[in-house]
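[1] sequence and predicted structure are below.
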Amino acid sequence: MKKMLDLLSLKLLRRIEIRYRLINSFLLVSMLPLLIAGIVAYRESSNASQEKVRIFAGEVVKQVAQNMLQQIEKIESSSEELAMSERMQHALAAYYSKSPSERAAGHGEIIRLLLENYGSFEYVNQKYVLDRRHRIMDPQVFARLGDGVARFAEDAPDMKGRPYWDVYSTAAGQKSVVMLRDILFKSNNRIAGTLFVGLRPLHFSRIFESVNLGYGSRMLVIDARDGHVIVSANAANATNDDAPESGLVAAIARSLAEGRDNFVSYRDGDNKKQLAAFAPVPRTSWMVVNITPLNALNTEVRSIRNKIIVIGVLCFILAVVLSFIIARSISLPLKQLVGVMKATRTGNYLIRMDYEGKDEIAELSRRFNDMASKVHQHNERLEELVAERTRELEQANQQLEALSATDSLTGIANRRRFDEALGGELRRAVRSLKPLSLMMLDVDYFKNYNDRYGHLAGDDCLRAIARVLRTSSRRATDLAARYGGEEFAVIVAESDSANAMQLAENIRNAVAALQIPHEDSPFGCVTCSIGVTALQVDESMSTDTLLRLADVALYQAKALGRNRVALSDHAGATG
């Protein structure tokens, strides 16, 4: 947690200027609570509106479903009385008689019974008795209408003695809520016919046309099988072209399958979200549904949201003004102080910060001025000390340079000094067109010497050979150096191969003359092998080439039996 805080406060935020940090902090402090409160209020208001609609609409649809059931039961009860009446039973028996007169009498009686039972009800717009073949027992009915009614009755499922309710639309577009009931002979319980009663949808819509939940809600009765509208609050304008509420049916099916309450949300054919409370009408496949557009429901909530936005904008403007004023009171003096401090980078500590006020920045300015005065005094004293220390440092550097070019064991030049000298002599030889010679010396069987006599004796042996090399140098330009381990190198300027070979032979003899005992050597004492190269160099020659030539010659000296001198020319470099 501490690392995260340090990352935010000490690294990320420190990359932003103080005034912008102050302005943003003011805006966050003022706007963040308002924004959170607005979001919470908007969501809670929206949820409260939906909950209110869920509870109220749920109770309303249940009540409407019960009222519709009462109307359905009333119509079913009256239809049952008619179907089981003695007059209807005798009329149907006469209708199926073989006597034409009895058939005519039975048909007339059926027409009278329909008129007596349903003729006075304005909400009944169709009333027929169908025979066993589902043909209307009224010869005055148009054939086209009779065919439609017959198809409707044939398509109805097996009613098993119960009435069947559905919607029937004529070719002219007239829509009816139809009850079908089988009429059975009481004597043998066989089908005598079917009662067809068509009711105007307005009869049912009156049950809920006075119900208004607001928010643009609609009350419908739909068929739960396919979503077609059975009855709507505006039944007078309902047609056979009412769009099926398929999305609603799917949402209701999911809710019932999941065992949830009677309130669902879905998207209609225009992809607009709707909220719907539903209740089934018992003994039918119908659902009483109250549909409320979510957009209309949230109108009041959006009004609250807009007020919050206006208040937020005003608070934002006020916060910007206040934050700018306060940030300026802090950032401007700080910026001036930073500018003065940057000016001291050039060493000008005589500059001073002008300040006013009694805040921390003023105190910081006073302390800066005091510090600048003290730094100026210290700088003057420091310059004197620096001059003195510089002289001492130059002397120490000279001593250090001498030490850095000397091998600590043998006291002669080390590898670094040798590399520098070889490069310099090579360039000088190119300019002067004089030959340059290089010797590589290796102590014979030195590892055996160390193993037998110890490393201390080995160090003494190397120091003795270094003294021989130092005394063998003829001129100041000659340089003897320890090349590494038991290897030594000698640079001989302006020397041809004959002179170089002679000098190398002298060195070899001088080493052998030391007579340092070496029982593990075939020579009985310490000896050395020397490789010599002497060339007329040019600009294409490099120090690596010289070293390789000398090394080749040293290898030849060892290959020939050691304790000897071998010469390598330019051609040997290719081997």
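    Nice, I can see it. Bear in mind the structure is a predicted one, so any value in this text is a computation, not a measurement. Residues are numbered from 1 along each chain as shown.

[2] my read: residue 208 touches residue 64, true?
    Yes: with contacts counted by CB atoms under 8 Å, residue 208 reaches residue 64, the gap being 4.6 Å. Quick note: C-beta positions are derived from backbone N, CA and C, even for glycine.

[3] which residues do these two both contact?
    Shared contacts of residue 208 and residue 64 (CB atoms under 8 Å, 6 or more residues apart in numbering): 219, 288.

[4] the stretch 201-350 of the chain: strands as residue ranges?
    In chain order, the stretch 201-350 of the chain shows strands spanning 218-223, 229-232, 263-267, 273-280, 286-293, with DSSP state E, counting those that start in this stretch as the criterion.

[5] the stretch 351-500 of the chain now?
    436-443, 479-484, 487-493.

[6] can you list contacts of the last one?
    Right, the one you point to is strand 487-493. Residues outside strand 487-493 that contact it (CB under 8 Å, 6+ apart): 412, 418, 421-422, 425, 428-429, 434, 436-442, 465-466, 469, 472-475, 477-483, 499-500, 503-504, 507, 550.

[7] just checking: what are the partner strands of that strand?
    strand 436-443 (antiparallel), strand 479-484 (antiparallel) (DSSP bridges).

[8] which one of these lies nearest to residue 164?
    Closest approach to residue 164 among the strands paired with strand 487-493 is made by strand 479-484 (114.6 Å; CB to CB).

[9] what does the closest one rub up against?
    Strand 479-484 is touched from outside by 407, 409-410, 412-415, 417-418, 421, 425, 440, 462, 466, 469-470, 472-473, 488-491, with contacts defined as CB under 8 Å, 6+ apart.

[10] give the ChimeraX command for selecting the buried subset of those residues.
    Selection of the buried residues among these in ChimeraX, burial being defined by 16 or more other CB atoms under 10 Å:
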select :407,410,412,413,414,417,418,421,425,440,462,466,469,472,473,488,489,490,491
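
[11] so what's the residue count around the residue lying closest to residue 78 once chain neighbours are set aside?
    The shortest distance from residue 78 to any residue that is not its chain neighbour, by CB to CB, 6 or more residues apart in numbering, is 6.7 Å, and that residue is residue 117. Applying other CB atoms under 10 Å, we find 19 other residues in the vicinity of residue 117.

[12] before we move on, back to that, reformat the strands of the stretch 351-500 of the chain as a markdown table; add mean pLDDT and distance to residue 284.
    As requested, these are arranged in a markdown table below (pLDDT from 0 to 100; distance: least, CB to CB, whole Å):
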| stretch | mean pLDDT | distance to residue 284 |
| --- | --- | --- |
| strand 436-443 | 95 | 117 |
| strand 479-484 | 92 | 110 |
| strand 487-493 | 94 | 114 |
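
[13] the ones you listed: which one's closest to residue 74?
    Of all those, the one in closest proximity to residue 74, counting by CB to CB, is strand 479-484 (122.3 Å).

[14] so which bits of the closest one are buried?
    Under the neighbour-count criterion of 16+ other CB under 10 Å, strand 479-484 has 479-483 buried.

[15] who's in contact with the closest residue to residue 524 other than its chain neighbours?
    Using CB to CB, 6+ apart and skipping residues adjacent in sequence, the residue nearest residue 524 is residue 518, 6.7 Å away. The neighbourhood of residue 518, defined by CB under 8 Å, 6+ apart, consists of 445, 448-449, 452, 524-527.
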